[in-house]
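S.K.: Sharing a model prediction with you, sequence too.
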Amino acid sequence: MDISERIVHLRTMRNISQYKLAKISGISQAGLSDIELGKKQPTVQTLDKILKALNVSWAEFFSEETPDMPPDLRQLLQEAESLTPEQRQLLTAFLKSLKGE
């Protein structure tokens, strides 16, 4: 997947319109459209703005191994990473109780 395809994929996965992504990232919609269509390659600065607007790190963007994850699950995982092992066990038990297990 090339840069333009990856941007489109991440944007659509997050249910963000091209207009909204352009507005959040501070670039023109026409410019974003050209990037997504592969007509132009983004500068490092422009790609950085897009990635920040999508809440995606550079490593995630260029990694072939990182599965795409909805933003709410990514946030949940980030929060869970800072918990102690005991807190993680409690969280796991709580999540299982929510599912009725």
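M.R.: It's in.
S.K.: Who are the packing partners of the helix ranked longest in the chain?
M.R.: In the chain, taking DSSP state H as the definition, the longest helix is helix 85-99. The helices and strands touching helix 85-99, judged by 3 or more C-beta pairs under 8 Å, 6 or more residues apart in numbering; DSSP states H and E, number zero. C-beta: built from backbone N, CA, C; applies to glycine.
S.K.: Name the residues that touch it?
M.R.: Here helix 85-99 makes contact (C-beta atoms under 8 Å, 6 or more residues apart in numbering) with A80, L83.
S.K.: Next, the buried residues of that helix.
M.R.: Going by neighbour count (16 or more other C-beta atoms under 10 Å), nothing in helix 85-99 comes out as buried.
S.K.: can you give me the mean pLDDT across that helix?
M.R.: What helix 85-99 shows for mean pLDDT is 91.
S.K.: Quick one: the helices in this structure, in order.
M.R.: Ranges of helices in the chain, per DSSP H, are 3-13, 18-25, 29-36, 44-54, 58-62, 71-81, 85-99.
S.K.: Which strands or helices does the fifth one pack on?
M.R.: To tie it back to what came earlier, the one meant is helix 58-62. Here helix 58-62 touches helix 44-54, going by 3+ C-beta pairs under 8 Å, 6+ apart.
S.K.: let's see it at 7 Å
M.R.: Helix 58-62 sits against no helix or strand, with contacts defined as 3 or more C-beta pairs under 7 Å, 6 or more residues apart in numbering; DSSP states H and E.
S.K.: what do you get for the fourth one?
M.R.: Helices and strands in packing contact with helix 44-54 are listed as helix 3-13, helix 18-25; criterion 3+ C-beta pairs under 7 Å, 6+ apart.
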